[in-house]
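Student: Turn this into a structure:
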Amino acid sequence: MTLTKSRESDQKHNKRVFLASGEPLEGVVIVDKNGDQTGTPLTPLTVSTAAGLFSIDAFARQRMSQPITIFDSKQLHDNSPLSWDDQEVSGGSTTSTHSANKASTTMGVALNTAGRRVRQTFRCFNYQPGKSQLVFLTGTLGLSGGGTGITRYMGYFEDSNGIYFKDNEGTNQVGIRSNATGSVVDNVVSQDSWNVDGLGHASNSLNPSGVTMDITDKSQIGFIDFEWLGVGTVGIGFVINRIPYYVHFFHHANILSGVYMSSPNLPLRYEIENDGTGAASTLEHICGTVISEGGQQEIGVDRNSSTDNTQVTCATVGVLYAIKGIRLKSNHLDDTVKVLKVALSLQSASDDIEWVLMFDPTIAGSPTWNAETNSAVESFTGATANIITNGSRMDAGYVSTGSGQNASGGSSSNITNALLLGSSIAKTPTTIVLCAKSLTSVNAIVEGGITWKELT
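Tutor: Numbering: from 1, shown residues only. Predicted coordinates:
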């Protein structure tokens, strides 16, 4: 068979090849940026492996699917107080200062003063078995100071479990924290012992990237991906000049007898501590996201709790009263609970009320919380004493009633909101409360309920 090139189009990228008979031969060829064929013995195809191991996810699937974002956080206008708790958890003279110009928060400790400052998301982020969890974090661990007495972290972790980057008195480290034995143990690996790429450390001969990392006062993009299933692998690395470089793998399958950490459902966290002997020091918290690779199906149990024929009296016009509230149980703070729907019934005649769904309000009168059976949630039914102030409005609506046959009315609403139940750094759970206030007359009588989905 004889091939001839002829009748080329004016466009270099659209060449056609014909058989001697004049019939076109159709196929696929690889061309370079100039439109010339490549992948031949004379013009071999150059394939870049710079991204290396990052081309597959934690379960060895090619990174070709669209990532599903579970959470993302930027600090353009404030320090995102609805998403992040920010506390001095011990000692004194720690600081946390947001900058709109830098879209970041600078956390600091004082000279020779013991103190620990933590920023942590209220939410923990649900891991679905069989899916790779991917976390990106940006920050400047060594913004200023450092050295003896100073430790700084950023990662996907909390007090008992998690994965993190650490500046340990000037030594770059990565680590896994685990409470699997009932006591908290940190498995920390310093840069000179990273088993994939030491990123230019003088005592680590592994440097396949050829990159030398400067973490002293330079901002970095760190990433963590992991398969849990209790015994999977954790990969940790950095993105530099658009290329992701793994630096260390923690392998567990066929090595450990049991799980490598108690829970894969964890918050994002930044932390700085002075043990009392260190210099004034800072770290910068910039941005972060949590991603499920290979998709995520919200397979969970739908639950409901209502006032169950208990009437709540809104005694005073214009005052907001709790009707029904939910929060996480103290032993389920890492679960994800999404409110799906609220419903409310106004049972007094000739009344008008506004109902409001509130996130983490102040609740007067010390409500009685009751555990929902086989659930991550506990709930309370409101009373006239449970007046609501503060908090953030998530949704609202109105119900009106007439007289006679029209002496009752109701309302329901489907809820889609990024504000989910969680807990503070001190493990105080946040609340979501269905509330009501009378607009026209005293002693409006209300019942209601909340429906939610639990992802554990």
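Student: Helix, strand, or coil at M213?
Tutor: Judged by DSSP: H, G, I helix; E, B strand; the rest coil, the three-state class of M213 is coil.
Student: Let the chain start at 20 from now.
Tutor: Got it, first residue is 20 now, which makes that one M232.
Student: Not counting its neighbours along the chain, what's nearest it?
Tutor: L218 (3.9 Å; C-beta to C-beta, 6 or more residues apart in numbering). For glycine as for every other residue, the C-beta is placed from the backbone atoms N, C-alpha and C.
Student: my guess is the one you found contacts D233, does it?
Tutor: No - counting by C-beta atoms under 8 Å, L218 does not reach D233; the two are 9.4 Å apart.
Student: quick one: which of these two has more around it?
Tutor: L218 (23 against 10; other C-beta atoms under 10 Å).
Student: which residues sit in contact with the more buried one?
Tutor: Applying C-beta atoms under 8 Å, 6 or more residues apart in numbering, we find L218 in contact with Q210, N226, S228, V230, T231, M232, F257, Y264, V266.
Student: With G181 instead?
Tutor: Contacts of G181 (C-beta under 8 Å, 6+ apart): G174, Y175, I195, R196, M280, L285, R288.
Student: Looks like the fifth one contacts T200 (just checking).
Tutor: So that's M280. No - M280 is beyond contact range of T200, at 10.7 Å (criterion: C-beta under 8 Å).
Student: For the two, work out which one has more neighbours and name it.
Tutor: Legend: neighbour count by other C-beta under 10 Å for M280 and T200, higher for M280 (23 against 9).
Student: The more buried one belongs to a helix, doesn't it?
Tutor: No - M280 sits outside any helix when classified using three-state DSSP, being coil.
Student: what's it sitting at in phi/psi?
Tutor: Main-chain dihedrals, M280, degrees, to the nearest 10: phi -160, psi 160.
Student: Could you do S212 as well?
Tutor: Main-chain torsions, S212, degrees, to the nearest 10: phi -120, psi 10.
Student: From Q192, how far off is it?
Tutor: Applying C-beta to C-beta, to the nearest Å, the value for S212 to Q192 is 9 Å.
Student: out of those two, which sits in the busier spot?
Tutor: Per other C-beta under 10 Å, whichever of S212 and Q192 has more neighbours is Q192, with 20 against 15.
Student: With the flanking residues excluded, which residue is spatially nearest to the more buried one?
Tutor: K185 (4.3 Å).
Student: Let me see the contact set for that neighbour.
Tutor: L160, T170, R171, Y172, G174, N191, Q192, V193, G194, V207.
Student: mind checking how far it is from G295?
Tutor: Look at K185 and G295: by C-beta to C-beta, they are 19 Å apart.
Student: One more: P263?
Tutor: Distance, P263 to G295, by C-beta to C-beta: 38 Å.
Student: So between those two, which is more surrounded?
Tutor: Each of P263 and G295 has its neighbours counted (other C-beta under 10 Å); P263 has more, 21 against 13.
Student: The more buried one touches F257, doesn't it?
Tutor: Yes - taking contacts as C-beta under 8 Å, P263 lies within contact range of F257: 7.5 Å.
Student: I'd guessed F176 sits against S197; true?
Tutor: No - when contacts are counted by C-beta under 8 Å, F176 is not listed as touching S197 (10.2 Å).
Student: three-state assignment of D211?
Tutor: Per three-state DSSP, D211 ends up helix.
Student: Look at it and say how many residues are nearby.
Tutor: Neighbours of D211 under the rule other C-beta under 10 Å: 15.
Student: same check, this time on the one 10 residues further on
Tutor: A count of nearby residues for A221, using other C-beta under 10 Å, gives 9.
Student: Now do the SS call for C306.
Tutor: Per three-state DSSP, the secondary structure class of C306 is strand.
Student: Break this structure down into its structural domains.
Tutor: Taking automatic domain parsing as the criterion, the chain consists of the domains 20-66, 72-312, 320-474.
Student: what's the distance between the last one and the middle of its chain?
Tutor: In terms of C-alpha atoms, centre = their mean, to the nearest Å, the centre of domain 320-474 is found 26 Å from the chain centre.
Student: Need the distance between the two termini of that domain.
Tutor: 7 Å (C-alpha to C-alpha, to the nearest Å).
Student: Distance of the nearest residue to S179 once chain neighbours are set aside relative to D205?
Tutor: Nearest non-adjacent residue to S179, counting by C-beta to C-beta, 6+ apart: N198, 4.0 Å away. Between N198 and D205 the computed distance is 11 Å (C-beta to C-beta).
Student: More neighbours: the two, which one.
Tutor: A count of neighbours by other C-beta under 10 Å puts N198 above the other of N198 and D205, at 17 against 13.
Student: Tell me, how many residues neighbour K472?
Tutor: By other C-beta under 10 Å, the residues close to K472 number 15.
Student: same question, L287
Tutor: L287 is surrounded by 26 other residues when neighbours are defined as other C-beta under 10 Å.
Student: so what's the backbone phi/psi at it?
Tutor: phi -80, psi 150.
Student: ok, it to E466 distance?
Tutor: For L287, the distance to E466 - C-beta to C-beta - is 39 Å.
Student: L130 too?
Tutor: Using C-beta to C-beta, L130 is found at 58 Å from E466.
Student: So which of these two has more stuff around it?
Tutor: Neighbour totals were compared for L130 and E466, and E466 leads with 22 against 12 (other C-beta under 10 Å).
Student: Touching, that one and N328? I think so.
Tutor: Yes - using C-beta under 8 Å, E466 makes contact with N328 at a distance of 7.3 Å.
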